[in-house]
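Engineer: have a look at this fold, sequence not included:
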């Protein structure tokens, strides 16, 4: 550290932390970028060293989380998770309440043993399909799906990256690590209370239109058609987009092709020449009309080649969700050139519950954005597979390796049982499980490493380094010393409640993993200063850091269902506030009963 900065290190770290939290809350840049930038600034100022960065990278949490991502990816790739969910919902189609209740219970159970982000990604199309079968809108089921996954993830140590990270920080601060089922007694009670709320209050969820529901059901029965401009066509020399015949009624001009090159982005300036091909989109009945009139002139002429259909193919509308690992993230639709590369046409775009009708072609795509695309079914599937996207109306977009499902199930069960018997640390077991699913080809290497959300890994490593800066500057001790006199005159449960509420507030404003790193050392030191066991305080951080039900930005699964369900920002607060209060009261009541203060 620079000598001139040494006396001011606590103030500098506090300022950087404050600015970091503001940047998280305002989303100036993605959270992982913000955290890495803050860690870099701390390194430049000498508030942390290169060794501190290396120590953060050697923490078992990032490796464990990455390995669990790959094991979860194997369960998805073999169709294990989907088969379980579909079987559960298939047992109760006769009762909407029972159907949704069983689905939420299944998600909560699965989330206890797999990473909840890929689980929710897979459950979104299943939930939409179930909603259609029950005559409901997707907004009646998608938010509960996300919340159920969050609640289920708190039941075991491996259920969410937050639990793994809190455990890693606690061990770094001298505590004994948590076993895989140590938090299960409290977590199961909290999950039961939460899922019961979700099942009984579904009718209070808003009715929101999704991208695909904005169109009439018959709107999807459309064709894309190629039209040839002949040598004597009266449209030669005219601007393509100004020709009424090609945009009247149900017809829509979507492209002009010259010399095999599409020029969609310049239709308003494009002058037609002989040999040009117009790409028209219209309904099935209009296709037949055009084909009939292709044999006769559309205007007063005997030339049959003025308006001749060359080919047509059935097209469909599809609602596509940007997943965390989508290759299109950071690109604009113009840069992506989906029409040229995949033969699909972007129709509309939604972000954060609002439609972007103007200039959406120039908007950089983000996680959670939804696109309404039109094209042939095979082209849409090719796009989804090639760019790692999700067709929210189609549960299956690729073939599963179902014959490998027993191996994937055996691997996750072996990891869980070995962890329960404390055969070796969870990090080692997760690596062994990862090796097993790769060696047995439950998932291919490219798919496996694509299933890891490296942004979360980068965020965790950066936040661990920032946590070290807090310790080096003595900021944790200063905060604890300031809070101890205020809390020492009250029963310890008040301090527990204060830690829970602090974690809860921060997790709605910033990322849950950042909360885990910042608040866990404070909770431990506060408990020690009050002379009580720090374990219940750490558990409180685990539960509160995951209890993000008030905003769509506090937890990644909420972000995924945000646009897919057509929700508005305040929908989460209206529906999630009662759940937040119920879970908070339950947690603060149950935790001291299992871990006495």
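Structural biologist: Structure received. Note that the structure is a prediction, hence the values are computed from the model and not measured.
Engineer: how about the one helix or strand residue 54 maps to: buried residues?
Structural biologist: Secondary-structure element containing residue 54, defined by DSSP states H and E: helix 50-58. For helix 50-58, the neighbour count (16 or more other Cβ atoms under 10 Å) marks 52-53, 56 as buried. (Glycine included, C-beta is placed from N, CA and C.)
Engineer: gap between stretch 55-62 and the chain center?
Structural biologist: Using Cα atoms, centre = their mean, to the nearest Å, we find the averaged C-alpha position of stretch 55-62 to lie 24 Å away from the chain's own average C-alpha position.
Engineer: for stretch 58-65, that is, sorry about that
Structural biologist: 21 Å.
Engineer: residues in contact with that stretch: which ones?
Structural biologist: Residues external to stretch 58-65 that are found in contact with it (Cβ atoms under 8 Å, 6 or more residues apart in numbering): 115, 158, 161, 164-165, 167-169, 171-172, 425-427, 430-431, 456-457, 460-461, 464.
Engineer: so which of those are in helices?
Structural biologist: 161, 164-165, 167-169, 171-172, 426-427, 430-431, 456-457, 460-461, 464 (DSSP state H).
Engineer: hang on, the earlier thing: out of the buried residues of helix 50-58, which comes closest to residue 108?
Structural biologist: Distance to residue 108, by Cβ to Cβ, is smallest for residue 56 among those, at 31.9 Å.
Engineer: wait, that closest one sits on residue 465?
Structural biologist: Yes - under the criterion of Cβ atoms under 8 Å, residue 56 lies in contact with residue 465, with a separation of 4.4 Å.
Engineer: what's the span of stretch 437-454 from first residue to last?
Structural biologist: With Cα to Cα, to the nearest Å applied, stretch 437-454 spans 19 Å between its terminal residues.
Engineer: what's the answer for stretch 176-192, then?
Structural biologist: The distance separating the two terminal residues of stretch 176-192, taken as Cα to Cα, comes to 28 Å.
Engineer: so which bits of it are buried?
Structural biologist: Of the residues in stretch 176-192, those with enough neighbours to count as buried (16+ other Cβ under 10 Å) are 178-184, 186-191.
Engineer: and stretch 515-533, how far out from the chain's middle?
Structural biologist: Going by Cα atoms, centre = their mean, where stretch 515-533 is centred and where its chain is centred differ by 30 Å.
Engineer: which of the contacts of stretch 58-65 count as buried?
Structural biologist: Applying 16+ other Cβ under 10 Å to the contacts of stretch 58-65, the neighbour count classes 115, 158, 161, 164-165, 167-169, 171-172, 426-427, 430-431, 456-457, 460-461, 464 as buried.
Engineer: what about residue 97, how many residues nearby?
Structural biologist: For residue 97, the count of nearby residues is 13 (other Cβ atoms under 10 Å).
Engineer: now it: how far from residue 200?
Structural biologist: 8 Å (Cβ to Cβ, to the nearest Å).
Engineer: swap in residue 238?
Structural biologist: Relative to residue 200, residue 238 is positioned 62 Å away (Cβ to Cβ).
Engineer: which one of the two has more residues nearby?
Structural biologist: Applying other Cβ under 10 Å to residue 238 and residue 200 shows that residue 238 carries more neighbours, namely 14 against 11.
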